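K.L.:
Using only what follows, build the 3D model:
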Amino acid sequence: MIRTGLLSRTAVAALLMSSLALAQDPAPASATAPNSSSVQKLAVVVRRPASTPMLAAAIAGTRIVAVGDHGVIILSDDNGKTFRQARAVPTRSLLTSLSFVDAQHGWAAGHDGLILMTQDGGDSWTLQHEDLDGDKPLFAIHFHDAEHGIAVGLFNAALRTEDGGAHWSSFELKPGASEDRHLYGIFTGRGNTLFIAAEGGTIYRSLDAGAHWDEVQTRNPGSFWAGLALNSGALLAVGQRGHVFVSRDNGSSWNEVASQTDQSLTGALQLADGSVLVTGLAGVTLHSGDDGQTFTAAARSDRTPLTVALPNGAGGALLLGGNGIVDAR
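P.N.:
Numbers count the residues shown, from 1 in each chain. Purely as a prediction, here's the structure:
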């Protein structure tokens, strides 16, 4: 299998992190993570947190938390007007995903098989899991509640915990399958339904909060990177080369919707007015005012890659990406 999805997803990270030309003050070389068996070092300290390239973000209560390379995690308590860096993060690896279950408890995943946990809304983090045996990045993490979570990544890597991350164990989405796929994003549906956006036009679906999974193959020739459940119950899946697919039967079947772009798409958000905003590379955004039936495309003149959009507290969106906090709309 040609790993175009992996190459493109890795290229996104490389593109964003290549713009990390801002001045940085490294942590002392002797500083290491609290876990004595780990080789991780404390996160690099940056001078301008709001300008640091970010790959993922989440809302923790009323706080914005975002993660990027070198273990950098930034926080905002004023709807994105100002940011500060988290004070204790035990890694310098690339962080790719976040999941919070309340204002205090959250998890981050990333390269080196990393899973970090916070119990104070992102101010400080502890190392729960790592895998330094080869290149085993995790691309997505999701917690259903404070005890039950899953993380997924390269070559069908899938981990689960039932005790808040104190212990993680590997599992197979499709036991006995001869073909593995890269797993890029996790999103929720109705009730206990979970979805995983995957390589090769594949979407995995669980109707029981991740205990069992079905494989749904779409007509997408590329990889899905992210998804979103809309208020109506419709589902969006977006990804490589501008492909947008919609399901209106809880993920049993998926149909493509014209996106008006061939740029890869990184995430989606439903705004307070019910409209849908999709972010993408080269500064692309898509907008739908009809529940994902049609989209219009626009692009920033600076072509800054966009990775995620979050509610800004005023009915609009805060955009993050290659320049950190890119825009508010």
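K.L.:
Touching, Phe139 and Gly185? I think so.
P.N.:
Yes - in this structure Phe139 lies within contact range of Gly185 using C-beta atoms under 8 Å: 7.0 Å. Placement of C-beta: from N, CA and C, glycine included.
K.L.:
part of a strand, is Ala50?
P.N.:
No - assessed with DSSP: H, G, I helix; E, B strand; the rest coil, Ala50 is helix; it does not lie in a strand.
K.L.:
surely it meets Phe83?
P.N.:
Yes - if you go by C-beta under 8 Å, Ala50 and Phe83 touch, sitting 4.3 Å apart.
K.L.:
shared neighbours of the two, anything?
P.N.:
Ile74, Gly324, Ile325 (C-beta atoms under 8 Å, 6 or more residues apart in numbering).
K.L.:
how close does Thr91 get to Leu114?
P.N.:
6 Å (C-beta to C-beta, to the nearest Å).
K.L.:
Next, count neighbours for the residue nearest to Ile115 when sequence neighbours are not counted.
P.N.:
In this structure, Ile115 finds its nearest non-sequential neighbour in His129, 4.0 Å apart by C-beta to C-beta, 6 or more residues apart in numbering. Residues contacting His129 under the criterion other C-beta atoms under 10 Å number 20.
K.L.:
residues contacting His129?
P.N.:
Gly113, Leu114, Ile115, Leu159, Gly165, Trp168 are the contacts of His129 under C-beta under 8 Å, 6+ apart.
K.L.:
and the first one, what are its phi and psi?
P.N.:
The reference is to Gly113. phi 60, psi 30 (degrees, to the nearest 10).
K.L.:
Would you check that it makes contact with Gln128?
P.N.:
No - contact criterion C-beta under 8 Å: Gly113 and Gln128 do not qualify, at 10.6 Å.
K.L.:
what two of the contacts of His129 have the greatest distance between them?
P.N.:
Gly113 and Gly165 (13.0 Å; C-beta to C-beta).
K.L.:
for the record, mean pLDDT for the one helix or strand Leu127 maps to?
P.N.:
If you go by DSSP states H and E, Leu127 is part of strand 126-129. Averaged over strand 126-129, pLDDT sits at 97.
K.L.:
is Leu228 in a bridge, and if so with what?
P.N.:
Leu236 (DSSP bridges).
K.L.:
Surely it is in contact with Ala268?
P.N.:
Yes - using C-beta under 8 Å, Leu228 is in contact with Ala268, at 4.0 Å.
K.L.:
okay, and the common contacts of these two?
P.N.:
Common neighbours of Leu228 and Ala268 (C-beta under 8 Å, 6+ apart) are Leu236, Val276.
K.L.:
mind listing the strands for the stretch 151-300 of the chain?
P.N.:
158-161, 169-170, 183-188, 194-198, 202-206, 214-217, 224-229, 235-239, 244-247, 255-257, 265-270, 276-280, 284-288, 296-299 (DSSP state E, counting those that start in this stretch).
K.L.:
and those, which is most packed in?
P.N.:
Neighbour counts (mean count of other C-beta atoms under 10 Å) averaged over each of the strands of the stretch 151-300 of the chain peak at strand 235-239, with a mean of 27.
K.L.:
Flag the helix or strand of the protein with the lowest per-element mean pLDDT.
P.N.:
strand 24-25 (a mean of 38; mean pLDDT, DSSP states H and E).
K.L.:
tell me what the following helix or strand past that one is packed against?
P.N.:
Counting by DSSP H and E, the next helix or strand C-terminal to strand 24-25 is strand 45-46. In terms of contacts (3 or more C-beta pairs under 8 Å, 6 or more residues apart in numbering; DSSP states H and E), strand 45-46 is packed against strand 24-25.
K.L.:
Tabulate the shared contacts of Ala50 and Phe83 in CSV, adding columns for pLDDT, secondary structure and neighbour count.
P.N.:
Below are the shared contacts of Ala50 and Phe83 laid out as CSV (pLDDT from 0 to 100; DSSP: H, G, I helix; E, B strand; the rest coil; neighbours: other C-beta atoms under 10 Å):
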residue, pLDDT, secondary structure, neighbour count
Ile74, 98, strand, 25
Gly324, 94, strand, 24
Ile325, 93, strand, 23
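K.L.:
can you list these in a markdown table and add distance to Val244?
P.N.:
Formatted as a markdown table, the shared contacts of Ala50 and Phe83 follow (distance: C-beta to C-beta, whole Å):
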| residue | distance to Val244 |
| --- | --- |
| Ile74 | 29 |
| Gly324 | 26 |
| Ile325 | 25 |
